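Peer 1: have a look; sequence and predicted model below, questions after that.
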Amino acid sequence: MRVTVGDEIELSMHVTNSSGKALELRFPSGQTHDFVVLDSVGREVWRWSEGRLFTQALQTKMVDRDETISYSDRWEASAPPSGTFTAVGVLHSSTHPVETRVEFAIP
């Protein structure tokens, strides 16, 4: 996971299939991933999926061995607070869930 701080805060999550075989990712809805930003005491400051609607249809995605899937989104806060934060990237796969965290600072 990577966070880029500039005029906007860009969050990227890269998930690589290193299992040596193709994997089927199953998602219980149209939401494949999410990004959450927590402040220094663990309170949620921002969530990418908040206010969005997702289909309730099941979906699958095949990921070949050594293939990487990537998700990127922006936190477009008009005046983001300064301080230390934790970005959490979540892959909402029911077969191979992934959660990754990275700390970052906004001056």
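Peer 2: Perfect, I can see it now.

Peer 1: distance of the residue nearest the centre of the chain from Gln56?
Peer 2: When C-alpha atoms, centre = their mean is applied to the chain, the residue found nearest the centroid is Gly89 (3.1 Å). Separation of Gly89 from Gln56 (C-beta to C-beta, to the nearest Å): 23 Å. Backbone N, C-alpha and C define where each C-beta goes, glycine included.

Peer 1: and for Val41?
Peer 2: For Val41, the distance to Gln56 (C-beta to C-beta) stands at 34 Å.

Peer 1: helix or strand: which one has the residue nearest to the centre of the chain?
Peer 2: Counting by DSSP states H and E, the element that carries Gly89 is strand 83-91.

Peer 1: who are the packing partners of that strand?
Peer 2: strand 9-16, strand 33-38, strand 98-106 (3 or more C-beta pairs under 8 Å, 6 or more residues apart in numbering; DSSP states H and E).

Peer 1: using JSON lines, lay out the ones you listed together with distance to Ala77 and mean pLDDT.
Peer 2: Formatted as JSON lines, these follow (distance: least, C-beta to C-beta, whole Å; pLDDT from 0 to 100):
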{"stretch": "strand 9-16", "distance to Ala77": "7", "mean pLDDT": "95"}
{"stretch": "strand 33-38", "distance to Ala77": "9", "mean pLDDT": "97"}
{"stretch": "strand 98-106", "distance to Ala77": "9", "mean pLDDT": "95"}
